[in-house]
Each structure stands twice: as structure tokens, then as C-alpha cells.
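A.B. asks: Model the following, please.
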Amino acid sequence: MNGKKLIITAVSATLLLGGAAAAFAAGGHHMGGPRGHHRPGIAPEILFVRMLQQFDTNGDMKISKDEATAGVDKIFAAIDTNNDGSITPGEFRTYRQAQMKAMWEEHKKEWEANKDASKADDKAQPDDQASNDDKDGKPQHHHGGHGHGGHGMGPRGPGMMGEMLFHRVDTDENGQISKAEAEAAMAKLFDRLDKNHDGFIALDDMPKAPLL
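C.D. replies: Residues are numbered from 1 along each chain as shown. Coordinates of the predicted model:
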């Protein structure tokens, strides 16, 4: 599995099981609410690309409601490891942790490959550049207080967001997500993304914005 697919898989549970409840609650780009209030969420363009990569089974560059439902059912089955028809917080957390670990392992392999490929260029760099690297040749990163990994990936980062989204999708508040709740969340997300209501999520539904 390549890096792109790992990244998509790693975030799918959060985005697709929880996205309908939280990512577009305000129905605005980047969750811009009334009077400038902003809520946490995922931009529709990002969701569209990730859904396209994961769900577009016929390669027509758009997502039908059937494809979206089939996609979330596949994710649901992967998380529901005991096949009892419900996702518990533990199953949800275990799935996300496994996918994030796989993603970072893939990133590590890519980093090692890039490092080997750039050894020749590194030899031509001045000594002050070398001083910015540690004794193993790894760049020194300044995390700036973002927690483990420097990208908000610590225990208080996406883990807490995942738990929040889990509870938003758990509409009957029984502490678990049923397949019906997951599909309902996807249906709500689909309807919000399908701006022209033609039954597909496509490029025409995405917000129009300048490149720069």
C-alpha cells in the first residue's frame, strides 16, 4: 500500500463516520459560522479528494450515493473487528491507532529512501548546513509545542477529536455506533457536499476560490 492510500485509510474513520455530524455542521467552507465564529472541521475539497480516492470505484471522478454508502460500510466492517454490528469506542480507537502507525511507518520508509537519494547533494552542502542535522543525519525539527510528532498528533490531538466525532455519530447515545448510524452520518455528509443535488459529489460541488 502506498503512502497516499495509507493516509486516506488513516483518516477515513474520523472523516467518514464523524464528518457528517461535525465537519459540516455549519454548512460553510472551513466551518466558518455566523459572525465569524469558526468550528473545527475538514474543508469540503479535502473530503472530496479523500472520498474520490477511496470510493470512486468506476473511475468517473465523482461519488454516487451508492458508492458513498458502500465505502462507509467497508470502513465499518474493518473497524467492527468482532462482527457484532456495532463499533465501540475501543474498536474505533484501536483502528485509528493501527492506521496512524502504518502511515508513519510508510513515511519513515519514504524518508529513508529520500535520504539515501540525496546523499550526493548533501556532500556538496556547506558545513553550517550539516550542523543543523543530528549525528545520524536526521534533520532537527522544531516542534513548536505541537506535541508528539510536531503536528498535533499527540494523545490530546486527533484522539480527542475522534472521540468527539464518535459521540456525535452515536445519535442514540448508547455508547456504540451501529451501521445504520454510520450510514446516516454518511448520508448527511453526502447531502451537504452535493450542492447541486444531482445525486453525485463532483468538482462542480466544490467551493470556488482563487488559486492564490
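A.B. asks: backbone phi and psi for the closest residue to residue 88 other than its chain neighbours, please?
C.D. replies: Residue nearest to residue 88 in three dimensions, not counting chain neighbours: residue 176, with 5.4 Å by C-beta to C-beta, 6 or more residues apart in numbering. Any C-beta I mention is one placed from the backbone N, CA and C, and that applies to glycine too. Note on residue 176: backbone dihedrals following degrees, to the nearest 10 are phi -140, psi 160.
A.B. asks: Just name the shakiest helix or strand of the protein by mean pLDDT.
C.D. replies: In the chain, no helix or strand scores lower on mean pLDDT, DSSP states H and E than helix 18-22, which sits at a mean of 45.
A.B. asks: next SSE after it?
C.D. replies: Later in the chain than helix 18-22, the nearest helix or strand by DSSP states H and E is helix 44-55.
A.B. asks: what packs against that next one?
C.D. replies: helix 3-12, strand 63-64, helix 65-79, helix 179-193 (3 or more C-beta pairs under 8 Å, 6 or more residues apart in numbering; DSSP states H and E).
A.B. asks: Would you mark the buried spots in stretch 87-101?
C.D. replies: The neighbour-count check on stretch 87-101 (16 or more other C-beta atoms under 10 Å) flags 87, 88, 91, 92, 93, 95, 96, 99, 100 as buried.
A.B. asks: go on, stretch 107-120?
C.D. replies: For stretch 107-120, the buried set under the neighbour-count rule, 16+ other C-beta under 10 Å, is empty.
A.B. asks: Just name the most buried of the helices and strands packed on helix 44-55.
C.D. replies: strand 63-64 (a mean of 22; mean count of other C-beta atoms under 10 Å).
A.B. asks: Show me what that one pairs with in its sheet, parallel or antiparallel.
C.D. replies: strand 200-201 (antiparallel) (DSSP bridges).
A.B. asks: Quickly note the distance from residue 103 to residue 66.
C.D. replies: According to C-beta to C-beta, to the nearest Å, residue 103 and residue 66 sit 28 Å apart.
A.B. asks: Over stretch 194-211, what's the mean pLDDT, rounded is fine.
C.D. replies: In this model, stretch 194-211 has an average pLDDT of 94.
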